[in-house]
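[1] Next come a sequence and a model predicted from it.
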Amino acid sequence: MILLIMVISMACSKPESKTPDNLELDTAPDWFEAGEWRQGWTVSPDDTVNREEFQRQYMRQPELWNKAFAFLSSTDLNAVEPGRHELQGEDLFANVDEYQTRDAADTRYEAHKKYADIQFIVSGTEKIGVLPLQKTRVTEPYDEENDIAFFESDEDNLRLASPGTFFIFFPDDAHRPCVKNEDNSSVRKVVIKVRID
């Protein structure tokens, strides 16, 4: 009788939910490759995107990430006016910018605490340095109002950013945008800020 009650109890209990705290992160590569989070967007992620951290952050607030990728998928990004475009108030917004790339010596590593960045080059090319934060040294401490700190490093990992690739940067990702590819050139970029704190 006791065995029967235990079996019924186990059969009727709810399966454990996969929250960000108990998520099996070994599923991240398969989840990432399945790509439901893309909302139809076909641009390729750079190899530096941290799949485990992205899955964790996505599962915490899928509505923000879905809205971000739906914007990228359904918007004519060449026609959007430069400036800030609110997608969900302070929790989710897109910055559209046009600028000239610069010499590497005129750029700095940066990182954020409150927001993750989705960075996508709409037209033109640039290089973006990507390093783990622990491989850098602080040059300007964290500015809470602007959600940014600046860093330097003896290492570099410059990645080509073009209209075929996007990047996602989390708080542990130091990134150095705006570096010229070959020559200084014009770039149009969209940076979507997703609140994660």
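    Received it, and whenever you're ready, just let me know what you need.
[2] Confidence-wise, which helix or strand of the protein is lowest on average?
    The helix or strand of the chain with the poorest confidence is helix 2-12; it has a mean of 42 (mean pLDDT, DSSP states H and E).
[3] pull the CA atoms of the helix or strand just after that one into PDB?
    Next along the chain after helix 2-12, taking DSSP states H and E as the criterion, comes helix 28-34. Extracted C-alpha coordinates of helix 28-34, given in PDB (Å, rounded to 0.1, in the frame of the first residue of the first chain):
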ATOM      1  CA  ALA A  28      22.900  25.400 -24.200                       C
ATOM      2  CA  PRO A  29      24.600  24.400 -27.500                       C
ATOM      3  CA  ASP A  30      21.600  22.500 -28.700                       C
ATOM      4  CA  TRP A  31      19.100  25.200 -27.500                       C
ATOM      5  CA  PHE A  32      21.300  27.900 -29.200                       C
ATOM      6  CA  GLU A  33      21.500  26.000 -32.500                       C
ATOM      7  CA  ALA A  34      17.800  25.200 -32.500                       C
END
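[4] Look up how far Thr136 lies from Asp106.
    Applying C-beta to C-beta, to the nearest Å, the value for Asp106 to Thr136 is 18 Å. Placement of C-beta: from N, CA and C, glycine included.
[5] same check, this time on Glu126
    Taken as C-beta to C-beta, the span from Glu126 to Thr136 is 20 Å.
[6] what about those two, which has more around it?
    For the pair Glu126 and Thr136, the greater number of neighbours falls to Glu126 (25 against 22), based on other C-beta atoms under 10 Å.
[7] is that one in a bridge, and if so with what?
    Beta-bridge partners for Glu126, by DSSP bridges, are Ala161.
[8] for the most centrally placed residue in the chain, helix, strand, or coil?
    Note on the chain: the residue nearest the mean C-alpha position is Ile168, at 2.3 Å, using C-alpha atoms, centre = their mean. Classification of Ile168 by DSSP: H, G, I helix; E, B strand; the rest coil places it in strand.
[9] Which strand or helix spans the closest residue to it other than its chain neighbours?
    Spatial nearest neighbour of Ile168, excluding adjacent residues (C-beta to C-beta, 6 or more residues apart in numbering): Val49 at 4.8 Å. In the assignment (DSSP H and E), Val49 maps to no helix and no strand.
[10] For stretch 28-48, list every residue counted as buried.
    Residues of stretch 28-48 classed as buried by neighbour count (16 or more other C-beta atoms under 10 Å): 28, 31-32, 37-39, 41, 45-46, 48.
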